[in-house]
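Participant: Here is a sequence with its predicted model. Questions after.
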Amino acid sequence: MGGNESWGTEFILVGFQLSEEVEVLFFCVFSLLYVFNLTANGTILGLIWLDRRLHTPMYFFLSHLAVIDIAYASSNLPNMLENLVKHKKTISFVSCTLQMYCFLIFADAECLILMVMSYDRFVAICHPLQYTAIMNWRVCTVVAIACWACGFSLSLVHLILFLRLPFCGPQAINHFFCEILSVLNVACGDTWIDKIFLLAACVFILVGPLSLVLVSYICILQAILKIRSMEGRRKAFSTCSSHLCVVGLYFGIAMMVYLVPENSDREEHQKILALFYTLFNPLLNPVVYSLRNAQVKAAFSRAWQKTRTV
């Protein structure tokens with residue numbers, strides 16, 4: 001079958017083997033988590049947009065992270081929820097391709113935004129006097145555009161390589177959404193070029209940024225240890241440790257999925273890890289980066305008081 005004939009192909013998303021009653025229960029739980037995700041990240045976006053005191057580089061990048069988290073979950077969760085409530089598991093080739101492309105864009109962009117946010121904290125803590133000069137608005141805008149452009153570009157190459165592959169009739173994808181490795185495993189053609197490029201892209205987008213994040217936090221830790229005030233040191237440790245935990249979870253899970261050699265149990269483990277990625281990680285970001293932040297709490301309090309006086 002030629003690659004152009006794949007456009008009429010339907011895939012079957014195997015997902016998790018559950019009874020209909022359990023699927024309904026999962027639908028309720030996952031829907032609730034999805035609503036929390038939209039509410040938390042939407043609130044952060046609204047506060048940053050409305051409160052001029054949050055118009056700083058740190059919150060500028062945080063707003064991009066909130067957009068990514070909303071889009072990231074929205075790229076595959078609605079389809080998964082529909083499959084759970086309707087007990088259907090088919091998806092068209094076009095929908096599957098679009099879902100996979102969007103997921104890759106937002107995953108790549110999040111890696112780079114997290115790296116930039118760690119660099120922003122590094123400059124703020126280690127070079128506070130030069131912070132406004134280094135992290136000026138022109139630099140922040142260019143860096144943010146570069147992060148998105150890189151995500152779009154890498155995903156576009158994945159898409160071009162993917163579209164050349166033939167798919168022979170209905171295929172069962174052992175996942176709950178169109179994750180690229182799971183889809184490549186059911187292709188009829190030779191996928192070694194796709195997998196080689198995926199590996200190279202993962203090294204570039206995961207190992208590179210994670211290395212820079214770790215270097216930034218090592219420098220931050222050294223600067224924190226020089227702080228004489230115990231209270232200042234405690235606050236800095238609390239903030240940085242929380243940020244590092246989120247970054248570690250995100251990059252760690254991604255590296256386990258895409259850089260660990262394949263084995264017989266890999267696909268089942270991958271589905272569980274991807275579920276964490278899709279449901280829980282977008283909720284962790286607003287909690288760690290924002291809801292524990294005094295400035296965001298103050299902005300929320302001011303916005304709440306304004307709504308009460310209107």
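Facilitator: Looks like it arrived, so ask away.

Participant: which stretches of the stretch 1-150 of the chain have low pLDDT?
Facilitator: Per-residue confidence for the stretch 1-150 of the chain (pLDDT under 70) gives these ranges: 1-8.

Participant: show me the contacts for residue 116.
Facilitator: If you count contacts by CB atoms under 8 Å, 6 or more residues apart in numbering, residue 116 has them with 61, 143-144, 147. All C-beta spots, glycine's among them, are computed from the backbone N, C-alpha and C.

Participant: could you redo the last one with a cut-off of 7 Å?
Facilitator: By CB atoms under 7 Å, 6 or more residues apart in numbering, the residues touching residue 116 are 61, 143, 147.

Participant: Please give the element, helix or strand, for the first one.
Facilitator: Secondary structure from DSSP states H and E places residue 61 in helix 57-74.

Participant: Let me see the residues that make contact with that helix.
Facilitator: Residues from elsewhere that reach helix 57-74, judged by CB under 7 Å, 6+ apart: 34, 37-38, 41-42, 44-45, 48, 106-107, 109-110, 113, 116-117, 120, 135, 140, 144, 278, 282, 285-286, 289-290.

Participant: quick one, the longest helix along the chain and helix 57-74 angle?
Facilitator: Taking DSSP state H as the criterion, the chain has its longest helix at helix 93-126. Counting by axes from the mean of the first three to the mean of the last three CA atoms, to 10 degrees, helix 93-126 lies at 160 degrees to helix 57-74.

Participant: for helix 93-126, which positions count as buried?
Facilitator: By neighbour count on 16 or more other CB atoms under 10 Å, the buried set for helix 93-126 is 93, 96-97, 99-126.

Participant: Now do the helices in the stretch 201-310 of the chain.
Facilitator: Counting by DSSP state H, counting those that start in this stretch, the stretch 201-310 of the chain has helices at residues 208-225, 230-258, 266-275, 281-286, 294-309.

Participant: Next, the angle from the longest one to helix 208-225.
Facilitator: Spelled out, it's helix 230-258. Going by the same axes, to 10 degrees, helix 230-258 makes 160 degrees with helix 208-225.

Participant: remind me which residues of the stretch 151-300 of the chain are low pLDDT?
Facilitator: Scanning the stretch 151-300 of the chain for pLDDT under 70 picks out the ranges 169-170, 232, 235-236, 238-239, 262-267, 289-295, 297-300.

Participant: Tell me who's in contact with the closest residue to residue 244 other than its chain neighbours.
Facilitator: Nearest non-adjacent residue to residue 244, counting by CB to CB, 6 or more residues apart in numbering: residue 217, 5.6 Å away. Residues near residue 217 by CB under 7 Å, 6+ apart: 118, 240, 244.

Participant: Would you list the phi and psi of residue 91?
Facilitator: Backbone torsions of residue 91, given as degrees, to the nearest 10, read phi -150, psi 140.

Participant: Check residue 28 too.
Facilitator: phi -70, psi -50.

Participant: burial count for it?
Facilitator: Neighbourhood size, residue 28 [other CB atoms under 10 Å]: 12.

Participant: And residue 269, how far from residue 202?
Facilitator: Per CB to CB, to the nearest Å, residue 269 is found 17 Å from residue 202.

Participant: Same question for residue 165.
Facilitator: Residue 165 sits 19 Å away from residue 202, going by CB to CB.

Participant: Ok, residue 46 next?
Facilitator: Separation of residue 46 from residue 202 (CB to CB) stands at 34 Å.

Participant: higher neighbour count, the two?
Facilitator: The neighbour count for residue 46 versus residue 202, taken as other CB under 10 Å, is higher for residue 202 (18 against 15).

Participant: Does residue 281 touch residue 251 like I think?
Facilitator: No. Contact between residue 281 and residue 251 fails when scored by CB atoms under 7 Å: they sit 10.9 Å apart.

Participant: what's the neighbour count on residue 49?
Facilitator: For residue 49, the neighbour count with other CB under 10 Å is 12.

Participant: Can you say which helix or strand has it in it?
Facilitator: Per DSSP H and E, residue 49 falls inside helix 20-50.

Participant: now do residue 80
Facilitator: Residue 80 belongs to helix 77-86, assigned by DSSP H and E.

Participant: Give the buried residues for stretch 143-159.
Facilitator: Across stretch 143-159, burial judged by 16+ other CB under 10 Å covers 143-144, 147-148, 150-151, 154-155, 158-159.

Participant: With that, I have no additional questions.
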